[in-house]
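> 3D, please:
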Amino acid sequence: MGEIILGRKNLSFPTQLSWVVSQVNVDGWKYISKIGLALFLFHISYFAVTVHADDFEVAPQVVDTEDQDSFFSPNADGTQDKLEIVFVMDGTTGEYQIVIDVHGPGGIGQPDNEFDADDDWSVLGKFGPGLTVNDDLKRIHIEWDGHDSKNASSKLVADGTYQLRLQIDFFQDELLNPTRTDHTRIFSVTVDTQTPQVSPQVTRSEFSPNSDGSRDTLTLDYTLDETLSKLQLLIPSHPTVQLLDLAAGSHTLNWNGKNGLETVLPDGSYPLQLQGTDLAGNQSTTVVDTVQVDTEKPTITQSSPIANANLNAPVSELNAIFGSDTGSQIDFDQSTITVKDANGTLQAGTPRQDGNTLVQVLDNQLDLVSENGTYTVTIKGFDLAGNSNTSTLSFAFDTRQPVVSQVRLDNIVFVGPSNINSAVSSVEADLVDNGISGLDLVNSAIQLSKSGTVVNGILAQVDADTIHFQLDSALQTNGTDDGQYQIAINVADMAGNVHQQTTTFIYDTQPPKLTSTSPFNFSRDKLRVDQSLTAITATFTDQNGNAIISGIDAEASKISVSKSDGSVIPATMQVDSASSTEPQNIELRFESRLLSGDYIFSATAVDLTGNKQQTIEYPFYVDLRTPEIQLDPSDTSIVSLTMVSAQILNYAGLGLDMEKSSLVVSDESGNTVSAKELEKTDQNLVWRIAAPLPGDGSKDGIYTTVATFTDLEGQTYKQKTKLTVDTIGPTLTSTTPAKDAKVSTLSDITITLSDNLSGIDFGQTQVTLASSTGNVSATPTDNGADQIQLTFTALPTDGTADGLYRIEITTTDLAGNTSGMQQIPFYYITQLPEVISISPEASIAINHLTTASTTLLDRSGKGIDFDQTTISVTNADGKVLDGTTTHTDLVLTLSGLSLPTDGSADGIYTMSVKVVDKLGSTATDSQQIRYDTQPPAIDSSTATETKTLYQKLSTNQVAVTFSIVDQGSGFDISASSFQLFNSDGVAVQGQAVYDGSGKVSYNSAELESNGIYALQLALADTAGNTGVPQTFYYTYGIEPAQVVDVSPRITNNLESILVTLKSQQNIDFSQTTFDVKNPANQAIDGIVTNDGQQQMTFTPRQSLSRDGSQDGNYALSILPAVEMIGHYSEVWTGSIIFDTQPPSVSSVTYPTDSNGAGGTGIDLQGQIIGLPTTYTVTLNDASSGSRVDSQQTSVKLV
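Numbers count the residues shown, from 1 in each chain. The predicted model follows:
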């Protein structure tokens, strides 16, 4: 064998051409490309050292025109359109033949694995030394264009792999006869004109190639239907990326976001494509997806609450708004908002998305004082590219109101209401915040006003908890600024909690004045009193201009009468209740009347502020001439009538006749009240009742007392007075609000009283309004008859003052009867409870109901009264469903509901909730749901599709209409499924449209191939009921399976029955039915076999008797089935006659009349003569009736 020694250091052989390695003398060589052929031959010539005769100098290569393989695509696209056969001989003269097996015998049909130069594509040529132009070539280069011959009428061969044979010998006789095996070379070549199919898919189109460990790569899954020579990822405006996994099958590329130059792409949106080139040079470009490169973390543009916020309103949700200027969208499935209190306890909640906002709804909103504190909020935002951002903030929840701890006027502690007579130039207040947010001194203020007019001044902050109000000018002490002042202090904290404290003071710098005296004007010079004087009333006023200032201090004010020697007349000082308001009357009542003589009246007035009038002294003298009778009691109301005394004063006559003097008491009817013996001493009469009057009021009334003194001269002195005996105290008639009433606004209360006799003593009757936090500051007024009204600042309506209040009343009448304290409770309620939600939700349809629940809201602060709160479910007939009610916190649950699911209980159900709080406030709500347990169905009375096994299509489209029946919640096309499959199980596109009134129209895309199509339906309603899937079959371009032959049809030995079928589809023998019944209509048990193609055989398990007992007609029923859809043909029926008994001769007749040859005889030769020429043979086949076979039956005359 010759050897070629060549320089081939860098000519490594590619792996895809490994089929050449088996050729010993070409091992390690590259193929010769079209472009590099001349250069390659140059290297061969240059490096050749020794050439031995009768061999290849360069081993033959079979390659395409551009690449290094034997795949090419003769489709005239300019790429690898031809196959090149190249080899170089050693200079020896000879010939070569190339044959490509493209046909069978005779040049027709498919390749037959035979190399026939006449039938296949072939070329015959010569080679030689190649030294001159007349010499045969030493270097051979042949091209195949993919045609089946070199004739002008040749055609392109079909895609596929073909065998090429190259033979050489060294005789130019056109008879190839290689002398060595290696002079015959066979190569496989592949013709491929189809573009490769590349199927890419990305599961997520956003990623962030920033090496942060989160979604740094994009997962690109792709499937190749063949091995490629090149696969590129095309990126607009960027160098392409070369993919290395080129073998047919499924691959995954984890792309790092870099282009072909290993540079990471800038952030942006990129429409990607995969461009694949197969081994034959066919190329296809497939759209992958538009991907988003995003390395920027998401931005949190706004949060609620904001950082360091101070809140006092209930906090039910928190939210974070993300910026929309980043490349990829926010991944709300991963983004979170967490809230923890100061102890690190997580506040549970439920997230939801609202546009570009993440909302965390707290399961338990912050609304209680016990929940006051500092909370930490952590917002973690993720985008779909894997970038993340975390923000942490805190806020304070504070619902406690700040308070005023101390007020000072000119640095003197002030506790109002009070009276002041020293100059006032400033008001200062110390504030205290009971919460955690801190005082807000900017929004805290002090306001001083007089009768509604604000006093001007400057407000300043002294320190962190003190504010100071400096008057523009101090209040004057000359009386010009006197009046009633109000200090209103508004204290606020940083959370917005506000507390207002209001107090008043009387500014009074002027002393009161004595304006008059009675019964005489003692201011006159040396007044002469000629009447009995037992009391003097002094009238004082503290009026400054038109305004009454602080009022008279009756206890501090003094009036007295003294004798000329300076001794003070004993007397008691009493404030006149009838003149409790300005002007003020103070009565000086002497122990006895003043006797004749000189006296001095002295008066010193002091007001409630402490201003003191200079003492006034009026001299007067008494000169009495007429005695005076004093009765005690007199003209008053009393509780008990036990004693009456009468005294005559200033009597100067001869003496009293006490025996003739009398003291009589009589009732309203004029009846004298029984008394004990009248006590008579000196100038006094004492009457004592004989028996006490009852205390039940039965003897109450107006009593008259008459005292009569008679002197020795017969002169009578009489005094008469009225006494009201009243033993029954006042009664409470009504209150507004009434007992146990519930009111939502409150600024005053009214109490109506009644007293049968003496009347109400409003000065002694006490009325207060009490709450759980103390008494409400109020101003009482009365109408002087039967009503008392308390007025006060209207209670707030924000729920902070809600609760139980009590009107506390202690009544006293003018007789001194006092009732015990009476309490009238009522409720002040501004916040009603609320039904937040009811589950299941309103107007929805459901297909199961075991539990109903409601979420409640208590606005009273006292809690829900679950003993009175109810939840119920009733059906359309008003029947209440049985269940068990439980509650947790603010959720009331009705469980244990049980409804049948067979449709018998379907219908509308009403859920009713009544919520009652512990203050008795009530709210109700109800909603309806539809209970539906039955799925929709196709109306079998109208749908033709339900009446036949299959439907033959006349067009290349499945277009059908179904009538849908649903008696419950209604048909839901979005939840229903309509899918059409061809015979290969591949889904066919189509669309189902619901008209809203029970009709669904389904229209498929155009059918691309003949076959059987299955339309699968699964109908669902809005309650979530889904029916059993139904399948309807349609045939397009094919006929049903048919029974074309049954054998035997008549037999006397029924060992088996052979059935031949005909179908355009594969027969499904597993579903094909074959039933045989005997003449008694009983099924025959047998074994059914098939040939897997078109025939099936029925063999009885037990052989039929041949004694005639089982003879008769055997009925056949055959229902063919085909693959994919089963039975879609009509049932074929027929019969087989089984007859084991031969027919019998029932009679033989022939003519016997004289005209016929009825006589018989035998001639001398022994022949019968004169026999009948016609015989009639009657046969009987009664056992089975299979008819006599006349062709097989014979009659012979012997």
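
> hey, where'd the strands end up in the stretch 1051-1198 of the chain?
1057-1062, 1073-1077, 1086-1090, 1095-1100, 1112-1119, 1121-1122, 1126-1127, 1132-1138, 1144-1149, 1161-1162, 1168-1169, 1176-1180 (DSSP state E, counting those that start in this stretch).

> Run the chain-centre distance for the second one.
Once both centres are worked out by CA atoms, centre = their mean, to the nearest Å, strand 1073-1077 turns out to sit 60 Å from its chain's centre.

> What residues of it count as buried?
Phe1074, Asp1075, Val1076 (16 or more other CB atoms under 10 Å). (Glycine included, C-beta is placed from N, CA and C.)

> Contacts only, for the closest residue in space to the second one that isn't next to it in sequence.
Put plainly, it is Asp1075. Excluding its sequence neighbours, the residue lying closest to Asp1075 (CB to CB, 6 or more residues apart in numbering) is Ser1117, at 4.3 Å. In this structure, Ser1117 makes contact with Thr1073, Phe1074, Asp1075, Val1076, Lys1077, Val1131, Trp1132, Thr1133, judged by CB atoms under 8 Å, 6 or more residues apart in numbering.

> which of the strands of the stretch 1051-1198 of the chain has the lowest average pLDDT?
For the strands of the stretch 1051-1198 of the chain, the stretch scoring lowest in mean pLDDT is strand 1161-1162; its value is a mean of 57.

> Check which helix or strand the closest residue to Gly903 other than its chain neighbours maps to.
Leaving aside its chain neighbours, Gly903 sits nearest to Gln934 (4.3 Å; criterion: CB to CB, 6+ apart). Secondary structure here is read from DSSP states H and E; on that basis Gln934 sits in neither a helix nor a strand.

> how much space between Gln934 and Ile330?
Using CB to CB, to the nearest Å, one obtains 42 Å as the distance from Gln934 to Ile330.

> Which one's more surrounded, these two?
Between Gln934 and Ile330, counted using other CB atoms under 10 Å, Ile330 has the larger neighbour count: 23 against 20.

> Which pLDDT does the model give the residue lying closest to the more buried one once chain neighbours are set aside?
Setting aside the residues directly before and after it, Ile330 is nearest to Phe322 in space (CB to CB, 6+ apart), at 4.8 Å. Residue-level confidence at Phe322 comes out at 90, pLDDT.

> now do Leu795
92.

> just to revisit the earlier point, so in terms of bridging, what pairs with the residue nearest to Asp1075?
Each beta-bridge partner of Ser1117 is listed here, defined by DSSP bridges: Asp1075, Thr1133.

> And the one 5 residues further on, by the same measure?
Here Val1122 sits in beta bridges with Ile1067, Gly1126, as judged by DSSP bridges.

> That one and Ala1014 touch, don't they?
No - the pair Val1122 / Ala1014 is not scored as a contact, 11.5 Å apart, by CB atoms under 8 Å.

> what residues are up against Leu156?
Counting by CB under 8 Å, 6+ apart, Leu156 touches Pro74, Gly146, His147, Asp148, Thr193.

> Using neighbour counts, pick out the buried residues of stretch 492-504.
By neighbour count, and taking 16+ other CB under 10 Å as the criterion, the buried residues in stretch 492-504 are Ala492, Asp493, Met494, Ala495, Asn497, His499, Thr503.

> same question but for stretch 1001-1013, I mixed them up
Under the neighbour-count criterion of 16+ other CB under 10 Å, stretch 1001-1013 has Tyr1002, Ser1004, Leu1007, Gly1011, Ile1012, Tyr1013 buried.

> Now do that stretch: distance from first to last residue.
Stretch 1001-1013 has its terminal residues 17 Å apart, counting by CA to CA, to the nearest Å.

> cool, stretch 291-305 as well?
35 Å.

> And the contacts of stretch 820-828?
Applying CB under 8 Å, 6+ apart, the set of residues contacting stretch 820-828 from outside is 732, 735, 737-744, 746, 795, 801-811, 919-921.

> From those residues, which land in strands?
Under the assignment DSSP state E, these contribute Leu732, Thr735, Lys742, Val743, Gly803, Leu804, Tyr805, Arg806, Ile807, Glu808, Ile809, Thr810 to strands.

> Got phi/psi on His183?
Taking degrees, to the nearest 10, you get phi -90, psi 0 for the backbone angles of His183.

> Quick check, it in contact with Leu176.
No - with the criterion set as CB under 8 Å, His183 and Leu176 do not qualify as a contacting pair; they are 9.2 Å apart.

> that older thread, please give me every residue in contact with the residue nearest to Ile330.
Under the criterion of CB under 8 Å, 6+ apart, the neighbours of Phe322 are Pro298, Thr299, Ile300, Thr301, Ile330, Ser335, Asn356, Thr357, Leu358, Gly381.

> Neighbour-wise, give me the winner out of those.
Ranked by neighbour count under the definition other CB under 10 Å, these are headed by Pro298 with 27 neighbours.

> contacting residues around the spatially most central residue of the chain?
The C-alpha lying nearest the average C-alpha coordinate of the chain belongs to Arg352 (CA atoms, centre = their mean; 7.5 Å). For Arg352, the residues meeting the contact criterion (CB under 8 Å, 6+ apart) are Val359, Val361.

> Which member of the ones in strands among the contacts of stretch 820-828 is positioned nearest Ala1018?
Minimum separation from Ala1018 among these (CB to CB) is found for Lys742, which lies at 56.8 Å.

> need the contact list for that closest one.
For Lys742, the contacting residues are Phe826, Tyr827, Ile829, Leu919, Gly920, Ser921, taking CB under 8 Å, 6+ apart as the criterion.

> what bridges to it?
Under the criterion DSSP bridges, Lys742 forms beta bridges with Tyr827.

> can you map out the helices along this structure?
Listed from the start of the chain, the chain has helices (DSSP state H) covering 37-47.

> What is the least confident helix or strand in it?
Counting by mean pLDDT, DSSP states H and E, the chain has its least confident helix or strand at helix 37-47, which shows a mean of 34.

> still on that earlier bit, just the ones of the contacts of Phe322 in strands?
Under the assignment DSSP E, the contacts of Phe322 contribute Ile300, Thr301, Thr357, Leu358, Gly381 to strands.

> Next, format these as CSV and append pLDDT and distance to Val455.
As requested, these are arranged in CSV below (pLDDT from 0 to 100; distance: CB to CB, whole Å):
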residue, pLDDT, distance to Val455
Ile300, 91, 50
Thr301, 90, 48
Thr357, 93, 50
Leu358, 93, 53
Gly381, 91, 55
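
> gap between stretch 604-612 and the chain center?
Computed by CA atoms, centre = their mean, the chain-centroid distance of stretch 604-612 equals 73 Å.
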